[in-house]
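Novice: no sequence on this one, just coordinates:
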């Protein structure tokens, strides 16, 4: 007698293929409204996250361009010179426990402007520096004290920091929204399951 072995040795049920969170809802009649809302929200958050990448890059490039322009302007406007202390800086002080106490008392100094005219002012010097000691300072075209000019590397670093900060902060916001919405939708699913079970339990249990 003939025998059909086409199904021999094969499990009747077979493994149930796993479906992704998007494919598992699309066209699935068993998916609940909360499941569909969660999929829509995930797609929206992913889209917003992807849109943030070019936006952050644009903002970072603008910040970098501004920093490079400022560095170029400051490099042309500022010059380095030497200031001479005309008085002794305060000596280093210590607490009763022997810890050093930093002091920020300004000390009188003299320097020359780029045009050679003398200038006088006050600067914070290291404790214990004596009159006649020199300090490297930065001045503008008029000979006024200014800070050191911004460097190109600092401008580039500022742009990178802005990009990383925007992406990180926006990513944290999206993660928090995803987590909070998941908790709300989970409560909605549990409530739906409890309501469905209350409706079918008497039928299944024969009550």
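Specialist: Done, it's in. Fair warning: this is a prediction, and the values are worked out from it, not measured in the lab.
Novice: Next up, the contacts around the residue nearest the centre of the chain.
Specialist: For the chain, the residue nearest the mean C-alpha position is residue 165 (2.1 Å; Cα atoms, centre = their mean). When the contact criterion is Cβ atoms under 8 Å, 6 or more residues apart in numbering, residue 165 has no partners at all. Where C-beta positions appear, they are placed from N, C-alpha and C, glycine not excepted.
Novice: so it sits in a helix?
Specialist: Yes. Counting by DSSP: H, G, I helix; E, B strand; the rest coil, residue 165 falls inside a helix.
Novice: ok, residue 131 - how many residues close by?
Specialist: Residue 131: 13 surrounding residues under other Cβ atoms under 10 Å.
Novice: Next: residue 191.
Specialist: A count of nearby residues for residue 191, using other Cβ under 10 Å, gives 11.
Novice: SS state for it?
Specialist: Judged by three-state DSSP, the three-state class of residue 191 is helix.
Novice: Quick one: distance of stretch 118-130 to the chain centre.
Specialist: Between the centre of stretch 118-130 and the centre of its chain there are 39 Å (Cα atoms, centre = their mean, to the nearest Å).
Novice: Show the end-to-end separation of that stretch, please.
Specialist: End-to-end distance for stretch 118-130, by Cα to Cα, to the nearest Å: 21 Å.
Novice: List the buried residues for that stretch?
Specialist: Residues of stretch 118-130 classed as buried: 119, 121, 125, 127, 129 (neighbour count, 16 or more other Cβ atoms under 10 Å).
Novice: Once you drop chain neighbours, what's closest to the fourth one?
Specialist: Once flanking residues are discounted, residue 127 sits nearest to residue 92: 3.9 Å by Cβ to Cβ, 6 or more residues apart in numbering.
Novice: Then residue 57?
Specialist: Computed as Cβ to Cβ, 6+ apart, the closest residue to residue 57 that is not its neighbour in sequence is residue 163, at 6.2 Å.
Novice: need the helix or strand of the protein with the lowest average pLDDT.
Specialist: Every helix and strand of the chain was ranked by mean pLDDT, DSSP states H and E. The lowest is strand 100-101, at a mean of 68.
Novice: what's the next secondary structure element after that one?
Specialist: Using DSSP states H and E, the next helix or strand after strand 100-101 towards the C-terminus is strand 106-112.
Novice: hmm, who's touching that next one?
Specialist: 81-90, 118-125, 129, 135, 137, 139, 143.
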